[in-house]
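Q: Sequence plus predicted model, see below.
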Amino acid sequence: MDEKLIQRVLDIEKEAQTIHEAALAEALALPVQAEKEAEALIAQARSEAEEEAKQMVANAQAKEECAQILADAEDKMHHAELLGNSNLDRAVSYVIARVIGRE
């Protein structure tokens with residue numbers, strides 16, 4: 001019976017050693033795995049930030065383009081208004097001249 005007990009103790013110690021080695025290997029692998037996961041998260045966050053920055057730049061450019069188009073349209077409208085007023089003055093003068101018989 002002592003031999004069986006000794007053999008059982010040896011088997012338990014061997015199993016404990018195997019479990020200890022597996023735990024040690026896992027403990028050594030955890031920092032490497034954590035670093036890889038952290039790098040993946042950083043890469044993903046960087047990619048998302050770059051995409052968001054691109055969208056912000058595109059939106060800002062679109063707003064600038066809209067503002068420029070609006071400013072150009074206002075300039076053209078002002079120019080047309082000035083021409084219209086000038087032509088109106090000339091037209092009124094012509095009509096008045098015709099009515100009073102100068103032309």
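A: Perfect, thanks for sending it. Numbering: from 1, shown residues only.
Q: C-alpha from now on. contacts and neighbour counts both.
A: Fine.
Q: Let's check: the centremost residue of the chain is which one?
A: The central residue of the chain, meaning the one whose C-alpha is nearest the mean C-alpha position (C-alpha atoms, centre = their mean), is E52 at 0.7 Å.
Q: per-residue confidence averaged over the strand or helix carrying that one?
A: In this assignment (DSSP states H and E), E52 forms part of helix 2-99. For helix 2-99, mean pLDDT rounds to 87.
Q: quick check, distance from stretch 40-50 to the centre of its chain.
A: Put simply, stretch 40-50 sits 11 Å off its chain's centre (C-alpha atoms, centre = their mean, to the nearest Å).
Q: cool, and stretch 94-101?
A: The answer for stretch 94-101 is 67 Å, by C-alpha atoms, centre = their mean.
Q: repeat for stretch 44-61
A: 2 Å.
Q: CA atoms only: put that stretch into CSV for me.
A: As requested, the backbone C-alpha atoms of stretch 44-61 are provided in CSV (Å, rounded to 0.1, in the frame of the first residue of the first chain):
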residue,chain,number,x,y,z
GLN,A,44,-7.8,50.6,-35.3
ALA,A,45,-8.1,53.9,-33.3
ARG,A,46,-5.5,55.6,-35.6
SER,A,47,-7.3,54.4,-38.7
GLU,A,48,-10.7,55.7,-37.4
ALA,A,49,-9.1,59.0,-36.3
GLU,A,50,-7.5,59.4,-39.8
GLU,A,51,-10.9,58.7,-41.5
GLU,A,52,-12.7,61.1,-39.2
ALA,A,53,-10.0,63.8,-39.9
LYS,A,54,-10.4,63.2,-43.7
GLN,A,55,-14.1,63.7,-43.4
MET,A,56,-13.7,66.8,-41.3
VAL,A,57,-11.3,68.2,-43.9
ALA,A,58,-13.7,67.3,-46.7
ASN,A,59,-16.5,69.0,-44.9
ALA,A,60,-14.4,72.1,-44.3
GLN,A,61,-13.4,72.2,-47.9
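Q: Mind listing residues that contact it?
A: Taking contacts as C-alpha atoms under 8 Å, 6 or more residues apart in numbering, no residue outside stretch 44-61 touches it.
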